[in-house]
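Peer 1: What would the 3D arrangement of this be:
(one chain, ligands or ions: 2)
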Amino acid sequence: MPKKLFIRTFGCQMNEYDSDKMADVLNASEGIVKTDNPEEADIILFNTCSVREKAQEKVFHDLGRVRHLKKLNPDLVIGVGGCVASQEGDAIVARAPYVDIVFGPQTLHRLPQLIAERKAKGKAAVDVSFPEIEKFDALPPAEVKGASAFVSIMEGCSKFCTFCIVPYTRGGEVSRPFEDVLTEVAGLAANGVGEVTLLGQNVNAYQGAMAGSEEMADLALLIEYIAEVPGIERIRYTTSHPREMSQRLIDTYLKVPKLVSHLHLPVQSGSDRILAAMKRGYIAIEYKSIVRKLRAARPDISLSSDFIIGFPGETDEDFEKTMKLIDDVAFDASFSFIYSPRPGTPAVEMEDSTPASVKSARLSRLQKRIDELAQAVSQSMVGSVQRVLVEGGDEDGVGHGVGPDLADHIEARLAGHLHVQERQRHLVLSQQFECTGSRACCQHG
Ligand code: SAM
Ligand code: SF4
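Peer 2: Ligands and ions are numbered 1, 2, ... in the order given. Next up, the predicted model:
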């Protein structure tokens, strides 16, 4: 019987992607298959996130909950990967001695060796180094699971926003070579993938080496080439940084219809004073100018964003500026968080005298406004016809996954409250689409 792997993922899409890669690596090396049940697993991995303190603490809590499984299965391997692993390294084993392996986002391809090392040496194996792009060369081809796939095109971040831990846990920005990305996309398309989402911590900072050329490819060029790959119908990318939103990339919305009409562009704050303290590298009017140019290129573009509330020194006046920016831009959806002090980042040293209750009240007000705006966008779409990506079949027997005979794209009429009421060829629309009712998150484009 093949060995079984249970993975618990915390955090962002990059982590979801990395978890898939961990499963691919272990499957390719030892035929290990995934399970949803930690109790029957031979390997339990936690792919962690340290962007906010809560997520980090949850890891240790969850680790404690699987500890007893070692009594039932002494050969069980418990591993911690991702950003908490990268940040804490050996300290994880010191705090939770039953952990067998600790690995970072850049060393997940070494999982089989780390497991072997743990068994050979009888003590925990820890590797949280940054061997940069080696990871991609060592990864097996991705298993195609549907019509849509993620493709990581760059890793890390060199921006060092004063609140953020990512540059310390994931290392500096490193892009994959241009041809490597195209080869991966072509392989996915040949296996029935119609939509790719290009991933990176600051994906629009992509600078990929091109074979036989001194020049680097930017994201705009990469998108143009991907649009030419037979079978690729839609292209997405996330997450973008406003500083890297070049005119060339904005023009791509004019040139490449396959580029989906959605952009996640985190702004964090609408106050120039706070943006400077965050070291974001733009002011509010520059952000709004990018939005204006994007809407000139693609009038129906859907925009979403991230906000940090209660950054050290944020006054009522600063917060009102954020509220004004929200109204000016009219985002379709957003993620908002109360500032969480992260060890080792410059913002930890900044004076933060705003009471937690004031921060919570600001967050509630902001989220309420964002919801109202999102609802208005949803309502404006009722009755419109949208092109959607079919991600699976229904219980009547049409299989899940998308092959050439299951039309990847159908026209669906949106009715009621953006719930799809019509079925075509027994296909149901993706749950994601049905549930969110939001342009930003759904699979239309
Ligand atoms: N690179 C992207 C950018 O700068 O736009 C975002 C990546 S970051 C890992 C994801 C989001 O987490 C950020 O946009 C920010 O809103 C949030 N975040 C990061 N550090 C945080 C902190 N210390 N407290 C609260 N939220 C934080
Ligand atoms: Fe973190 Fe800033 Fe880098 Fe985004 S750009 S990952 S917020 S340091």
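Peer 1: If you drop the residues flanking it in sequence, what lies closest to residue 370?
Peer 2: Taking Cβ to Cβ, 6 or more residues apart in numbering as the measure, residue 370 lies nearest to residue 334, with 4.8 Å between them; neighbours along the chain are not counted. (Each C-beta comes from the backbone N, C-alpha and C, glycine too.)
Peer 1: ok so that neighbour is a strand residue?
Peer 2: Yes - assignment of residue 334 by DSSP: H, G, I helix; E, B strand; the rest coil places it within a strand.
Peer 1: If I look at it, what pLDDT would I see?
Peer 2: Reported pLDDT at residue 334 in the predicted model: 89.
Peer 1: wait, it sits on residue 369?
Peer 2: No - no contact is recorded between residue 334 and residue 369 when judged using Cβ atoms under 8 Å, the distance being 9.7 Å.
Peer 1: Show me which of those two is the more surrounded one.
Peer 2: Set side by side, residue 334 and residue 369 give different neighbour counts by other Cβ atoms under 10 Å, the larger being at residue 334 (23 against 16).
Peer 1: May I have the beta-bridge partners of the more buried one?
Peer 2: residue 305 (DSSP bridges).
Peer 1: sorry, back to before: which neighbours do residue 334 and residue 369 share?
Peer 2: Between them, residue 334 and residue 369 have residue 326 as joint contacts when contacts are counted by Cβ atoms under 8 Å, 6 or more residues apart in numbering.
Peer 1: where does residue 243 land in three-state SS?
Peer 2: Residue 243 - assigned by three-state DSSP - is helix.
Peer 1: Give me the neighbour count for it.
Peer 2: Residue 243 - counted by other Cβ under 10 Å - has 16 other residues nearby.
Peer 1: Sticking with the spatially closest residue to it that is not a sequence neighbour, tell me its helix or strand.
Peer 2: On the basis of Cβ to Cβ, 6+ apart, the spatially nearest residue to residue 243 that is not a chain neighbour turns out to be residue 281, at 4.5 Å. With secondary structure defined by DSSP states H and E, residue 281 is part of neither a helix nor a strand.
Peer 1: do residue 158 as well
Peer 2: Using DSSP H and E, residue 158 falls outside every helix and strand.
Peer 1: near ligand 2, which residues of the stretch 51-200 of the chain?
Peer 2: When proximity is defined by Cβ under 6 Å from any ligand atom, the stretch 51-200 of the chain lies next to ligand 2 at 157, 159-161, 164, 166-167.
Peer 1: Using neighbour counts, pick out the buried residues of stretch 210-218.
Peer 2: If you call a residue buried by 16 or more other Cβ atoms under 10 Å, then stretch 210-218 has these buried ones: 217-218.
Peer 1: ignore the last one, stretch 316-335
Peer 2: Within stretch 316-335, the residues that qualify as buried by neighbour count (16+ other Cβ under 10 Å) are 318-319, 321-322, 325-326, 329, 331-334.
Peer 1: farthest pair in these?
Peer 2: Within those, 318 and 332 form the most distant pair, 23.9 Å apart (Cβ to Cβ).
Peer 1: what about this protein, any weak spots by pLDDT?
Peer 2: Judged against pLDDT under 70, the low-scoring parts of the chain cover residues 132-135, 138, 142, 378, 381-445.
Peer 1: longest helix anywhere in it?
Peer 2: With DSSP state H applied, the helix covering the greatest number of residues in the chain is identified as helix 356-381.
Peer 1: For that one, name the packing helices and strands.
Peer 2: Counting by 3 or more Cβ pairs under 8 Å, 6 or more residues apart in numbering; DSSP states H and E, the packing neighbours recorded for helix 356-381 are strand 302-309, helix 316-329, strand 333-338.
Peer 1: okay, these in CSV with distance to ligand 2 next?
Peer 2: Rendered in CSV, the data for the helices and strands packed on helix 356-381 read as follows (distance: least, Cβ to the nearest ligand atom, whole Å):
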stretch, distance to ligand 2
strand 302-309, 8
helix 316-329, 16
strand 333-338, 11
